[in-house]
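Trainee: Output the structure for:
(2 chains)
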Amino acid sequence: MRSLSYIRATTVSDATEAFAAAGEGARYIAGGTTLYDLMKLGVERPAHLIDIAALAGGDRIDTSGDILFFGAGARMADVAEDAVVRRDYPVLAESLSKAASQQLRNMATVGGNLLQRTRCPYFRNGAIGAYPCNKREPGSGCAAIGGLDRGQAVLGISDACTAVSPGDWPVALTAMDATIELQGPTGTRSVPISEFYLLPGEAPHLEFAIGRGEIVTGISVPKTVAGRNSTYLKVRDRESYAFALASAAVALAMDGDHVRHAHIALGGVATRPWRAREAEELLVGRSIEPEMALAAGRAAFADARPGAHNAFKIELGARTLADAIMTAGRKMQ
Amino acid sequence: MSDTNDTPFLEITRRQVLEAGTIVSVSGLLPAAAQAQAPSPKPAPENGATVQVSFHVNGEKNVLEIDARASLLDMLRERLGFVGAKKGCDHGQCGACTVHIDGRRVASCLTLAAKVDGRDLTTIEGIGSADALHPMQQAFIDHDALQCGYCTPGQIMAAIACVKEGHTSTPEEIREYMSGNICRCGAYVGIVAAIEQAAPQIERS
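Mentor: Prediction:
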C-alpha cells in the first residue's frame, strides 16, 4: 500500500474543497469497508484520503415526512434497526440485515454501500496482477469470461465484463424507486437510482453516474403502501454472511386479492441492481399463485446469457424471485 | 492481559518468548557480522506520512503518531501491545480482530487507525481480570466454547456486543448475529450455549 495523507472533513463543502486541493489520487473514505479492503489488495491506490464518515448531520434518518430520508453517513446497522423501516419497509431493513456481518454493518454507511465494488475474484486479484480485468485495468481484457465464472452475472453482461454488482441495499432501493442525493464542487443534484448504475458495455471501469469530487449525501425513498407487503430474499452458499448467488426484492401494492402494482429488483445475477419490469407487468391484475410467481420469475430471466459454470443462476434466480413474490403476497393475508 | 497469566512471576510474556525465538531463528541464518545487529523486538518507526491520534483504550488515554495507512488492529497489537485481538484474514471476513469503538463492535483490521481519534476503545484485555472474569469469559470456559482459542477474543467481544444489542432472544438469532465470527475448530455449539448462559448477566445498552 502506498503512503498517503489523511484528513477528516466536518462539512460537505470542507470535503469537496479538500478533494479539489488534493488533486490526483484523492479519494473520499467513509466506513472504509470496501476501499481499505481493496487498498490492501492493491486494487485501489489512493494518495490522499478525505474522511467523510463524520460530516455534521450526515447520519440523519428521517421517516416522518412523505419520503424516507437516509443521510449517507447513517450506519447500515442503524437503518436496519430503525423501527419505522422494519415495520413499513421490511424489504429495506432485510436487505441491510442480510448484508455483511454486524461488525461491518456498524462501520459501513448506507451511502458508501451504494458504491461497493464487485467481488469478482479476477477484479480483486490486484496485487499479483496475473489476470487481466477491464474494470481494474481498462483495456486489459476479462479473465472471467471463459474462466471460473460460477459467480458471474447472467444479466446485463458485455463482452468486456460479467462482474456482479454485489450489493443488497442497492437492489432494494432500486425496487423502491429511490433517489440519490449528490453534492459536488458545482452544487447539488438528485439522480434516480435507475440512472445511477451503469451497464459495463465497453467501459466497465465506469460504474456509477457520479462526477469527480461528488459526494453521496443522502438517499430518498418515496413512501408507498407496497412497502408493508415487501421482502428481500437472499440465496447464498451459506445461510449467513455471504454474498448473494441470487436475491430478489419484492414489494406489492394490492387491490383486494389482485396486484395493482409490483416493485421487483434482482441481485447477485446482474452487472447492476436489476429492475425486472417484465416480471412486474406480468403480475399486474393477477392474484398471487405459485404458477404465476414462477412465470414472473422466468420472465425476469428471459434475456439471461449464461457462461460456462453459472447457468444454474437462471433457474435459481427465477425460483428465488418466485419465492419472494409468494412471501410478499402472504403478508397481505 | 491473558498472555501474562501463566508466568506472572517471571514477568515474561508468551509473546516475548515467541519474539525472542524469531530473533534467534532469523539470526541463525545471518552472517556473523549481522548477528551483532539482530533486529530489536521494539516496534519499527512508521515509514509513511503520519497522523496524530488521541484516544482511550480500556479507559486509559493514548496519544500516538501513527502511519496514515495503519489499521486499528496493527496499532493495537504492534504499537500498544494489546495482542488479544487477532489477525485472522485481515480483510473483515473472519471476526478474530473484533473490538468495540464507543461500545459498538467493529472489525479492527478494516478500521483505519486514523479514524479512532477521540474515540473510546475496548479490547478483550479491558473486560475482566484473572481474578474476576467477565461473565462471557466464564461462560466460554463453562461450555468449552473453544479449542485452539485463536478466534476466542474476537468471539467474546462480538458476543458481549451481541447481548448488549439485544440479539440473543433465540439460538437462531444468536447464530445470525454471530455469523461474522468464524471458528475453524467448529466450537459453534459451545459458543451459542455460552452466550445463552451469559446473556441474562449482562445489561443491554
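Trainee: Alongside chain B, which residues does chain A contribute?
Mentor: Near chain B, the residues belonging to chain A are A:1, A:3-6, A:8, A:29, A:32-33, A:36-37, A:39-40, A:49, A:51, A:53, A:77, A:100-104, A:106-107, A:239-241 when assessed by C-beta under 8 Å from any C-beta of the partner chain. C-beta coordinates here come from the backbone N, C-alpha and C atoms, glycine included.
Trainee: Apply 6 Å and report the result again.
Mentor: Neighbours of chain B within chain A, by C-beta under 6 Å from any C-beta of the partner chain: A:1, A:3-6, A:32-33, A:36-37, A:101-104, A:106-107, A:240-241.
Trainee: Going through those residues, which ones are buried?
Mentor: For those, a burial check counting by 16 or more other C-beta atoms under 10 Å in any protein chain shown picks out A:1, A:4-6, A:32-33, A:36-37, A:101-104, A:106-107, A:241.
Trainee: Out of these, which is nearest to chain B?
Mentor: Ranked by distance to chain B (C-beta to the nearest C-beta), those are led by residue A:101 at 2.4 Å.
Trainee: nearest to residue A:125, of the buried ones among the residues of chain A next to chain B?
Mentor: Proximity of those to residue A:125 was ranked by C-beta to C-beta; the top entry is residue A:37 with 13.3 Å.
Trainee: what sits against the closest one?
Mentor: Residue A:37 sits next to residue B:91 when contact means C-beta atoms under 6 Å, 6 or more residues apart in numbering or on different chains.
Trainee: what secondary structure does it sit in?
Mentor: Following DSSP: H, G, I helix; E, B strand; the rest coil, the label given to residue A:37 is helix.
Trainee: shaky segments in chain B?
Mentor: B:1-45, B:205 (pLDDT under 70).
Trainee: So which bits of it are right by chain A?
Mentor: B:48-49, B:51, B:68-69, B:91-92, B:98, B:104-107, B:110, B:112, B:114, B:176-177, B:179-180.
Trainee: Which of the residues you listed fall in helices?
Mentor: B:176-177 (DSSP state H).
Trainee: that older thread, need the max-distance pair from the buried ones among the residues of chain A next to chain B.
Mentor: Using C-beta to C-beta, the two most remote members of these are A:5 and A:241, lying 33.6 Å apart.
Trainee: Please name the nearest non-neighbouring residue to residue 85.
Mentor: Just going to use chain A. residue A:93 (4.9 Å; C-beta to C-beta, 6 or more residues apart in numbering or on different chains).
Trainee: if you could check chain B rather than the one you did, that'd help
Mentor: residue B:97 (4.9 Å).
Trainee: now the residues of chain B next to chain A: which count as buried?
Mentor: B:51, B:68-69, B:91-92, B:98, B:104-107, B:110, B:112, B:114, B:176-177, B:179-180.
Trainee: before we move on, back to that, can you tell me how far the residue nearest to residue A:85 is from residue B:180?
Mentor: Remark: distance between residue A:93 and residue B:180 (C-beta to C-beta, to the nearest Å) = 18 Å.
Trainee: Got the domain ranges for chain B?
Mentor: B:2-35, B:50-126, B:135-201 (automatic domain parsing).
Trainee: Same check on chain A?
Mentor: When chain A is cut into domains by automatic domain parsing, you get A:5-54, A:226-330.
Trainee: from these, which stretch is densest packed?
Mentor: domain A:226-330 (a mean of 21; mean count of other C-beta atoms under 10 Å in any protein chain shown).
Trainee: just to revisit the earlier point, now, the residues of chain B next to chain A that are in strands?
Mentor: Counted as lying in strands by DSSP state E, out of those, are B:51, B:98, B:104-107.
Trainee: Format those residues as JSON lines; extra columns: distance to residue A:168.
Mentor: Shown next, in JSON lines, are those (distance: C-beta to C-beta, whole Å):
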{"residue": "B:51", "distance to residue A:168": "33"}
{"residue": "B:98", "distance to residue A:168": "22"}
{"residue": "B:104", "distance to residue A:168": "21"}
{"residue": "B:105", "distance to residue A:168": "20"}
{"residue": "B:106", "distance to residue A:168": "20"}
{"residue": "B:107", "distance to residue A:168": "18"}
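Trainee: Out of those, which is nearest to residue A:67?
Mentor: For these, the nearest to residue A:67 is residue B:104 (27.8 Å; C-beta to C-beta).
Trainee: Show me what that closest one bridges to in the sheet.
Mentor: Taking DSSP bridges, one finds residue B:101 as the beta-bridge partners of residue B:104.
Trainee: tell me the SS of residue A:166?
Mentor: On the basis of three-state DSSP, residue A:166 is classed as coil.
Trainee: quick one: pLDDT of it?
Mentor: Looking at residue A:166, its pLDDT stands at 97.
Trainee: So residue A:92 sits against residue A:172, correct?
Mentor: Yes. Look at residue A:92 against residue A:172 with C-beta atoms under 6 Å: they come within range, at 5.1 Å.
Trainee: can you give me the strands for chain B?
Mentor: Using DSSP E, strands in chain B cover B:50-57, B:60-67, B:98-101, B:104-107, B:120-122.
Trainee: Can you give the distance from the third one to the centre of its chain?
Mentor: The gap between the average C-alpha position of strand B:98-101 and the chain average comes to 9 Å, counting by C-alpha atoms, centre = their mean, to the nearest Å.
Trainee: Then the last one?
Mentor: Strand B:120-122 has its C-alpha centroid displaced from the chain centroid by 12 Å (C-alpha atoms, centre = their mean).
Trainee: List phi and psi for the closest residue to residue A:272 other than its chain neighbours.
Mentor: Leaving out its chain neighbours, the residue that sits closest to residue A:272 by C-beta to C-beta, 6+ apart is residue A:197, at 3.7 Å. When read as degrees, to the nearest 10, the backbone of residue A:197 gives phi -100, psi 130.
Trainee: which ones are touching the residue of chain B found nearest chain A?
Mentor: As assessed by C-beta to the nearest C-beta, chain A sits closest to residue B:180 within chain B, at 2.4 Å. Applying C-beta under 6 Å, 6+ apart, we find residue B:180 in contact with A:101-103, A:241, B:95.
Trainee: wouldn't residue A:97 be in contact with residue A:79 here?
Mentor: No. Proximity of residue A:97 to residue A:79 does not meet the contact threshold set by C-beta under 6 Å, at 9.6 Å.
Trainee: Give me the more crowded residue out of these two.
Mentor: Between residue A:97 and residue A:79, counted using other C-beta atoms under 10 Å in any protein chain shown, the more crowded position is residue A:79 (27 against 21).
Trainee: how much space between the more buried one and chain B?
Mentor: According to C-beta to the nearest C-beta, to the nearest Å, residue A:79 stands 14 Å off from chain B.
Trainee: Which of the helices or strands spans residue A:104?
Mentor: Using DSSP states H and E, residue A:104 sits in helix A:102-107.
Trainee: okay, that helix in CSV with CA atoms only?
Mentor: Taking Å, rounded to 0.1, in the frame of the first residue of the first chain, the C-alpha atoms of helix A:102-107 are listed here in CSV:
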residue,chain,number,x,y,z
GLN,A,102,-22.9,-6.9,12.4
GLN,A,103,-19.3,-5.7,12.8
LEU,A,104,-19.2,-4.4,9.2
ARG,A,105,-22.8,-3.0,9.4
ASN,A,106,-21.6,-0.9,12.4
MET,A,107,-18.8,0.5,10.2
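Trainee: And the contacts of that helix?
Mentor: Here helix A:102-107 has contacts from A:31, A:33, A:75-77, B:92, B:98, B:104-107, B:177, B:180, using C-beta under 6 Å, 6+ apart.
Trainee: Can you pull the phi/psi pair for the residue nearest the centre of chain A?
Mentor: Centroid-nearest residue in chain A, with C-alpha atoms, centre = their mean: residue A:170, separated by 2.9 Å. Here is the backbone geometry of residue A:170 (degrees, to the nearest 10): phi -60, psi -30.
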